[in-house]
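> give me the fold of what follows.
(one chain, ligands or ions: 2)
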Amino acid sequence: MSYFMVFAGKGGTGKSTLAALTVRYLMEKHLKPILAVDADPNFCLPELLGIDHFETLAEVRDNVLQRKPEGMSLDDWLEIEINRIVEESEGFDLLVMGRPEGSGCYCAVNNVLKRILLEIAEQYRYIVVDNEAGMEHISRGIVNKIDLLFIVGTPAKSSIQAALRINQLTKELGIEPNKKIFIINQSNKRVEDEQVLLKDFKKVIYVNFDENVKRISEEGKSIFSLQDDSLIIKNLYDLLEEEIER
Ligand SMILES: Nc1ncnc2c1ncn2[C@@H]1O[C@H](COP(=O)(O)OP(=O)(O)OP(=O)(O)O)[C@@H](O)[C@H]1O
Ligand SMILES: [Mg+2]
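Numbers count the residues shown, from 1 in each chain. Ligands and ions are numbered 1, 2, ... in the order given. Now for the predicted structure:
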């Protein structure tokens, strides 16, 4: 059974960094097989995971009808193409979704896509999804199950509001994650509204600002270059150790 972990929250809060570090954690603990999914149209998970060559699912979707060999069914062709673009790296695989569909109608393609993605997901024990704030892929049914939802924010009121909106959205979409955790990243300042959040979230946890993260991000390095004793690793790994289902 696949175990889905999803990172969501306002832009720039640290979703991709924490999602990439979760992949690193799973690798170090030999919890596998792992699929990392970049579901943010402005993908940056590949860079954080040290991957510079990849094709997106959006590219496959947009070109599917032109490229499909004659006589082959749409299902078979999409399956081949998706398997081709799932990047196999040492210790984990990566799928980059790319932008949501444009104005053309790809309804048939999207329905097939959903089914094939679910089939592919079944091959992995752990799936880590780096989502954008709008939860586009969730609302389209591409991700239809969440075991562990991390909403990433800052202590700012707007961040808390965004978290509550995302929480509401998952409810409206009929997705009830098993566990919901609110991560206040890049800060150790406690939030005033902790009690409000705790009505809906199992925990509110704090991840400190870490100079090393800022440095590797400026240098375009992957999260694998962060030292084991980094503050962010310590903060996040403690949480993952407690919350991820084995
Ligand atoms: N704990 C931290 N300490 C220091 N810097 C951090 C920390 N977490 C994230 N950052 C930095 O904050 C910036 C935004 O992080 P990241 O790209 O992970 O956020 P995001 O929520 O995925 O953003 P976006 O919505 O743009 O995809 C990056 O430069 C990252 O290195
Ligand atoms: Mg991101």
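> from here on, contacts and neighbour counts on C-alpha atoms
OK.
> what's around Val6, how many residues?
By the criterion of other Cα atoms under 10 Å, Val6 has 24 neighbours.
> and it, helix, strand or coil?
Classification of Val6 using DSSP: H, G, I helix; E, B strand; the rest coil returns strand.
> show me what contacts it?
Counting by Cα atoms under 8 Å, 6 or more residues apart in numbering, Val6 touches Val128, Val129, Asp130, Asn131, Ile146, Leu148, Leu149, Phe150.
> dig out what it forms beta bridges with.
Val129, Leu149 (DSSP bridges).
> measure it to ligand 1 for me?
Val6 sits 12 Å away from ligand 1, going by Cα to the nearest ligand atom, to the nearest Å.
> give me the pLDDT value at that residue.
Val6 carries a pLDDT value of 94.
> against Lys179, how distant is it?
As judged by Cα to Cα, to the nearest Å, Val6 and Lys179 stand 11 Å apart.
> so what sits against both of these two?
Shared contacts of Val6 and Lys179 (Cα under 8 Å, 6+ apart): Leu148, Leu149.
> one step back: same list (the contacts of Val6) but as a markdown table, adding neighbour count.
As requested, these are arranged in a markdown table below (neighbours: other Cα atoms under 10 Å):
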| residue | neighbour count |
| --- | --- |
| Val128 | 22 |
| Val129 | 28 |
| Asp130 | 27 |
| Asn131 | 25 |
| Ile146 | 22 |
| Leu148 | 21 |
| Leu149 | 22 |
| Phe150 | 26 |
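> okay, the helix or strand bottoming out on mean pLDDT in the chain in CSV with CA atoms only?
For the chain, using mean pLDDT, DSSP states H and E, the weakest element among its helices and strands is helix 136-139, scoring a mean of 70. Output of helix 136-139 as CSV, limited to C-alpha atoms (Å, rounded to 0.1, in the frame of the first residue of the first chain):
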residue,chain,number,x,y,z
GLU,A,136,-4.5,21.9,-8.4
HIS,A,137,-3.5,18.3,-8.9
ILE,A,138,-5.5,17.3,-5.8
SER,A,139,-8.6,19.1,-7.1
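> residues making contact with that helix?
Looking at what lies outside helix 136-139 - Cα under 8 Å, 6+ apart - the contacts are Ala39, Pro100, Val143, Asn144, Leu173.
> residue contacts, the first one?
Going by Cα under 8 Å, 6+ apart, Ala39 touches Val96, Met97, Gly98, Val129, Asp130, Asn131, Glu132, His137.
> the first one bridge partners, please.
Which is Val96. In this structure, Val96 bridges to Asp38, Thr56 when assessed by DSSP bridges.
> quick one: contacts for it?
Counting by Cα under 8 Å, 6+ apart, Val96 has contacts Val37, Asp38, Ala39, Phe43, Pro46, Phe54, Glu55, Thr56, Leu57, Val86.
> again, but for the fifth one
Applying Cα under 8 Å, 6+ apart to Asp130 gives the contacts Val6, Phe7, Ala8, Lys15, Ser16, Ala19, Ala36, Val37, Asp38, Ala39, Asp40, Leu45.
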